[in-house]
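Trainee: Mind folding the following:
(one chain, ligands or ions: 2)
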Amino acid sequence: MEYISTRGSAPALDFEGATLAGLASDGGLYVPREWPRFSADEIAGMAGLPYAELAAKVMHPFVGASLTYERLLELTTQAYGRFSHKAVTPLSQFDEQQWLLELFHGPTLAFKDVALQLLGLLFEEFLSRSDRNLTIVGATSGDTGSAAIDAVAGRANVDIYMLHPKGRVSDVQRRQMTTVLAPNVHNLALENASFDDAQAIVKRMFNDRAMTDRFAIGAVNSINWARLMAQVVYYFAAGIQLGAPHREVAFSVPTGNFGDVFAGHVAARMGLPVARLIVATNVNDILHRALSSGDYSQGQVTPTAAPSMDIQVSSNFERLLFDVGGRDGKALAAQMADFEATRAMQLTNAQREGAATLFQSARADADEMRQTIRWAWENCGELIDPHTACGLFAARDAGIDPAIPVVTLATAHPAKFPEAVERATGQRPGLPTRVGDLFDREEKCADLPGEYDAVAAFVAGHATPKA
Ligand SMILES: Cc1ncc(COP(=O)(O)O)c(C=O)c1O
Ligand SMILES: N[C@@H](CCOP(=O)(O)O)C(=O)O
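Mentor: Ligands and ions are numbered 1, 2, ... in the order given. Below is the predicted model of the structure:
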């Protein structure tokens, strides 16, 4: 399988190359040159497989010659062996139509573990082939950071520099990052910055020759194709359990950087019968505005009870615009350059119409999130986190044919956001016992101004030059 850039001028790479590169050298994102497709019989044949085996089957067409099927299966078995639920991503039922896909049974209690546990192993595998090293630079609004750190802490040949907006992640999220004291882990808290600022710094570093000539910069954010590839699997897992390929299924996805819901789009491209993908945002609603009116313009970030989705520049939306807008890299490069200059963009008719065939969107404000958390507790006895609440709010209001099951992706464990959950329900969710001592652990983190030069100087002063 070959990977091409959404901006049309970076060299095409194989899976190993795209995984290690992260962002394409023209500033675009790697996507497969074409979508592999499973027949209905092949999808039916996946029913009942253990998660690790399903994962290897769904992902192997993307991996191609970079790993044999047998080796990929060894890696998925190792990655998903660390999850606390046998099903890895179990489904639970709210009512006749509404389902919850629990994606928080990994080591750091959010959906990010599903991809990052595997990505850590892929890095190790590929780097060991030629004794190279990798300097990972990532941005987090709270969950990617801890999942990536857990996946690479203590591993040979990898250093990680994780940027988060100071004071804008929950205490649990911060401590899950800063209490990992392995020498290859560096947490950087950016002062007066949003996640968008942190993400912009990361992307700039990939295009800074002074840095890329000295260091092999790698990505753990969902700009890295391998992240999304691993997230495609749970759409198949849920869809098949609910009757695919013989029955359509809709998904409601709490959305920020558009990675998770783009993985649903990929599942549909691969043949899973996806009726609708519901993009659920909080009041940081650039994606809701883009999908409902074509207006993709960056607003101010408003801090919310769902901080991981406090995002106003949504990296993976570029992948959708590329895929539904005619796959014209040169035209998209010009459109993105214009957005980067003006912070505003109008979707073309082709992009709007292409997206509308599968996507719809909704936004939840603070009251709607709170009421949905309360509804889930009072009616179903489930404590859900504020991100999941955005998804469930949108799912219940989506107007999907009652014969079609609607699956809300539960993206984080409620104990990551105990105050918000307690305010809504009176119940304070406790941390699972394996992370129960989080508040007794020592923290290590450097505070930096939220500026590119300060971050680049820190990385340059600590990272190992390319081998
Ligand atoms: C808990 C949680 N839910 C939802 C999201 C949104 O996912 P995505 O950025 O893939 O749209 C994130 C992070 O972005 C998250 O951490
Ligand atoms: N919500 C994310 C933001 C980064 O998104 P990513 O999926 O691109 O890594 C986080 O928790 O950090």
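Trainee: So which bits of this structure are right by ligand 2?
Mentor: Residues of the chain lying close to ligand 2 (C-beta under 6 Å from any ligand atom) are 140-145, 195, 221-222, 256-257, 259, 308, 315. C-beta: built from backbone N, CA, C; applies to glycine.
Trainee: Let's see the pLDDT reported for the nearest residue to residue 189 once chain neighbours are set aside.
Mentor: In space, not counting the residues next to it along the chain, residue 189 is nearest to residue 166; the distance is 3.9 Å by C-beta to C-beta, 6 or more residues apart in numbering. Looking at residue 166, its pLDDT is 98.
Trainee: For residue 166, list the residues it contacts.
Mentor: 189, 190, 191, 192, 193, 447 (C-beta atoms under 8 Å, 6 or more residues apart in numbering).
Trainee: just to revisit the earlier point, buried subset of the residues of the chain next to ligand 2?
Mentor: Buried subset of the residues of the chain next to ligand 2 (neighbour count, 16 or more other C-beta atoms under 10 Å): 140-145, 195, 221-222, 256-257, 259, 308, 315.
Trainee: if we can go back for a sec, please report how far the residue nearest to residue 189 lies from residue 439.
Mentor: Look at residue 166 and residue 439: by C-beta to C-beta, to the nearest Å, they are 19 Å apart.
Trainee: Could you do residue 303 as well?
Mentor: With the distance defined as C-beta to C-beta, residue 303 ends up 22 Å from residue 439.
Trainee: Look at these two and report which has more neighbours.
Mentor: residue 303 (14 against 11; other C-beta atoms under 10 Å).
Trainee: The more buried one is in contact with residue 310, isn't it?
Mentor: Yes - distance between residue 303 and residue 310: 6.0 Å, which falls inside the contact criterion (C-beta atoms under 8 Å).
Trainee: tell me, what's touching these two both at once?
Mentor: Listed contacts common to residue 303 and residue 310 are residue 168; contacts here mean C-beta under 8 Å, 6+ apart.
Trainee: Three-state assignment for residue 161, please.
Mentor: Put simply, residue 161 is strand when judged by DSSP: H, G, I helix; E, B strand; the rest coil.
Trainee: now the residue nearest to residue 189: how far from residue 86?
Mentor: Applying C-beta to C-beta, one obtains 38 Å for the distance of residue 166 from residue 86.
Trainee: Residue 123 now?
Mentor: Separation of residue 123 from residue 86 (C-beta to C-beta): 27 Å.
Trainee: Of those two, which one has the most company?
Mentor: When residue 123 and residue 86 are compared for neighbours, residue 123 comes out ahead with 24 against 10, by other C-beta under 10 Å.
Trainee: Run through the neighbouring helices and strands of the host helix or strand of the more buried one.
Mentor: Secondary-structure element containing residue 123, defined by DSSP states H and E: helix 112-130. Judged by 3 or more C-beta pairs under 8 Å, 6 or more residues apart in numbering; DSSP states H and E, helix 112-130 is in contact with helix 15-21, helix 69-80, helix 143-152, strand 158-165, helix 225-241.
Trainee: can we see that at 7 Å?
Mentor: Contact analysis of helix 112-130 by 3 or more C-beta pairs under 7 Å, 6 or more residues apart in numbering; DSSP states H and E lists helix 15-21, helix 69-80, helix 143-152, helix 225-241 as its packing neighbours.
Trainee: following the first one, which helix or strand comes up?
Mentor: Going back to what we said before, that points to helix 15-21. For helix 15-21, the succeeding helix or strand toward the C-terminus, using DSSP H and E, is strand 30-32.
Trainee: Any buried residues in the helix or strand just after that next one, and which?
Mentor: Taking DSSP H and E as the definition, the helix or strand that follows strand 30-32 towards the C-terminus is helix 40-44. Of the residues in helix 40-44, those with enough neighbours to count as buried (16+ other C-beta under 10 Å) are residue 43.
Trainee: do the same with stretch 82-89
Mentor: 83, 88, 89.
Trainee: Could you dump these into TSV with distance to residue 396 and pLDDT added?
Mentor: Converted to TSV, these look like this (distance: C-beta to C-beta, whole Å; pLDDT from 0 to 100):
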residue	distance to residue 396	pLDDT
83	28	98
88	26	98
89	21	98
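Trainee: Now do the contacts for residue 235.
Mentor: 251, 263, 264, 267, 272 (C-beta atoms under 7 Å, 6 or more residues apart in numbering).
Trainee: Around ligand 1, pick out the residues from the stretch 301-450 of the chain.
Mentor: For the stretch 301-450 of the chain, the residues found near ligand 1 under the criterion C-beta under 6 Å from any ligand atom are 308, 309, 387, 411, 412.
Trainee: farthest pair in the residues you listed?
Mentor: Across these, the two members that end up farthest from each other (C-beta to C-beta) are 309 and 412, 10.1 Å apart.
Trainee: Could you name every residue contacting both of the two?
Mentor: Counting by C-beta under 7 Å, 6+ apart, the shared contacts of residue 309 and residue 412 are residue 387.
Trainee: now the helices for the stretch 201-350 of the chain?
Mentor: Applying DSSP state H, counting those that start in this stretch to the stretch 201-350 of the chain gives helices spanning 209-212, 225-241, 259-269, 286-293, 317-324, 329-342, 349-356.
Trainee: JSON lines please, covering the ones you listed and showing mean pLDDT.
Mentor: Formatted as JSON lines, these follow (pLDDT from 0 to 100):
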{"stretch": "helix 209-212", "mean pLDDT": "96"}
{"stretch": "helix 225-241", "mean pLDDT": "98"}
{"stretch": "helix 259-269", "mean pLDDT": "98"}
{"stretch": "helix 286-293", "mean pLDDT": "97"}
{"stretch": "helix 317-324", "mean pLDDT": "98"}
{"stretch": "helix 329-342", "mean pLDDT": "97"}
{"stretch": "helix 349-356", "mean pLDDT": "97"}
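Trainee: mind putting those helices in TSV, distance to residue 96 included?
Mentor: As requested, the helices of the stretch 201-350 of the chain are exported to TSV (distance: least, C-beta to C-beta, whole Å):
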stretch	distance to residue 96
helix 209-212	53
helix 225-241	16
helix 259-269	22
helix 286-293	27
helix 317-324	31
helix 329-342	42
helix 349-356	27
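Trainee: Tell me where the model's unsure across the chain.
Mentor: Low-confidence segments of the chain, defined by pLDDT under 70: none present.
Trainee: In three-state terms, label residue 408 for me.
Mentor: Residue 408, by the three-state scheme (three-state DSSP), is strand.
Trainee: Which positions in the stretch 51-200 of the chain make contact with ligand 1?
Mentor: Remark: the part of the stretch 51-200 of the chain in contact with ligand 1 comprises 110, 142, 143, using C-beta under 6 Å from any ligand atom.
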